[in-house]
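Student: Kindly return the folded structure for what I paste below:
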Amino acid sequence: MTSITALIAEDEPLLAAALRAELARVWPELCIAAQVGDGASAVRQALALRPEVLFLDIRMPGMTGLEAAAELAEEWPDDHPFPSLVFVTAYDQYAVQAFEAQAADYVLKPVVPERLARTVQRVQARLQQRMDGQASPAPMAGADDATFERLRALLAAPAAPALKVIQAGVGSTIRLVPVDEVLVFEAADKYVRVLTGEAELLIRTPLKDLLPQLDGSVFWQVHRGTVVRATAVRTVHRDEAGKLSLEVAGLMERVPVSRLYAGRFRAM
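Tutor: Next up is the predicted model:
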């Protein structure tokens, strides 16, 4: 296999050093292009260096490894294969069960050499399949689709009691909007835009805090900052570059779909 580059995002220097040392032992050909200590730096460096493998700590300051992976999925250039993702986590029964259920690659910290060796073997096999596929006319989009499907499942927040009413401040009053009337939730700076067929309101609750309270069978996330009512989607449009957008009943503007969530929209 030709030279492969990787990025390590881990906020604990000793653990990052241990991972790097063990990687040098089990995968000596791997080149560590960068080592960073937070999610935002991981996104920035990954976009600049475009490594083939990302080792992302789940818990980092400001942005988790999952959130960093989601942002990269939306910002990654279309003409470059998306990296293989390996999540790094302290042992947690539920986290490990989630990774295994989605067939996601992960390593435990402190580093367990046997576990890391198995993960490296799977990543190497996946990268070799991708390289073999590049020699054929068929694009390797399916590899990214599988990665995105696993990532979407890992990002799905645990269910919470369903939200029934949105409370939005309008001047000196509070307006109560039934969730059944909402067409789109859209993150906007420090607010979330709440779009109905008749009004646009702003609320201060972050979208990531709203998501667990929304019925996932009713509201579909289609972008890192956008959630739409599935039954309000009338048509899905694909432009010449392959980008998707949604025509939503009651709204003039189309809603863009990021490629992380494009897999939701396939002909049945």
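
Student: what stretches of this structure score poorly on pLDDT?
Tutor: Applying pLDDT under 70 to the chain flags the ranges 1-2, 94, 134-143, 157-160, 267-268.

Student: Nearest residue to the middle of it?
Tutor: residue 70 (2.2 Å; CA atoms, centre = their mean).

Student: what helices or strands is the helix or strand where it lies leaning on?
Tutor: Using DSSP states H and E, residue 70 sits within helix 65-75. Other elements packing on helix 65-75 under the criterion 3 or more CB pairs under 8 Å, 6 or more residues apart in numbering; DSSP states H and E are helix 39-49, strand 53-57, strand 84-90, helix 141-155. C-beta here means a position set from N, CA and C on the backbone, and glycine is covered the same way.

Student: thinking again about what came up before, contacting residues around the residue nearest to the centre of the chain?
Tutor: Residue 70 sits next to 151, 155, 224, 260 when contact means CB atoms under 8 Å, 6 or more residues apart in numbering.

Student: What is the burial count for the nearest residue to the last one once chain neighbours are set aside?
Tutor: Translated: residue 260. Take residue 260 and drop its neighbours on the chain: the residue closest to it by CB to CB, 6 or more residues apart in numbering is residue 73, 3.9 Å away. By other CB atoms under 10 Å, the residues close to residue 73 number 22.

Student: now the one 5 residues further on
Tutor: Counted with other CB under 10 Å, residues neighbouring residue 78 total 10.

Student: And the one 5 residues further on, by the same measure?
Tutor: Per other CB under 10 Å, the neighbour tally for residue 83 reads 25.

Student: can you tell me which residues contact it?
Tutor: Residue 83 makes contact with 7, 46, 50, 51, 52, 53, 54, 72, according to CB under 8 Å, 6+ apart.

Student: contacting residues for the closest residue to it other than its chain neighbours?
Tutor: For residue 83, ignoring the flanking residues on the chain, the nearest one in space by CB to CB, 6+ apart is residue 54 at 4.7 Å. For residue 54, the contact set (CB under 8 Å, 6+ apart) comprises 6, 7, 9, 42, 46, 69, 72, 83, 84, 85, 86.

Student: Would you confirm that the last one contacts residue 57?
Tutor: No. Under the criterion of CB atoms under 8 Å, residue 86 makes no contact with residue 57, lying 10.4 Å away.

Student: Show me where the stretch 151-268 of the chain has its helices.
Tutor: For the stretch 151-268 of the chain, the helices defined by DSSP state H, counting those that start in this stretch occupy 207-210.
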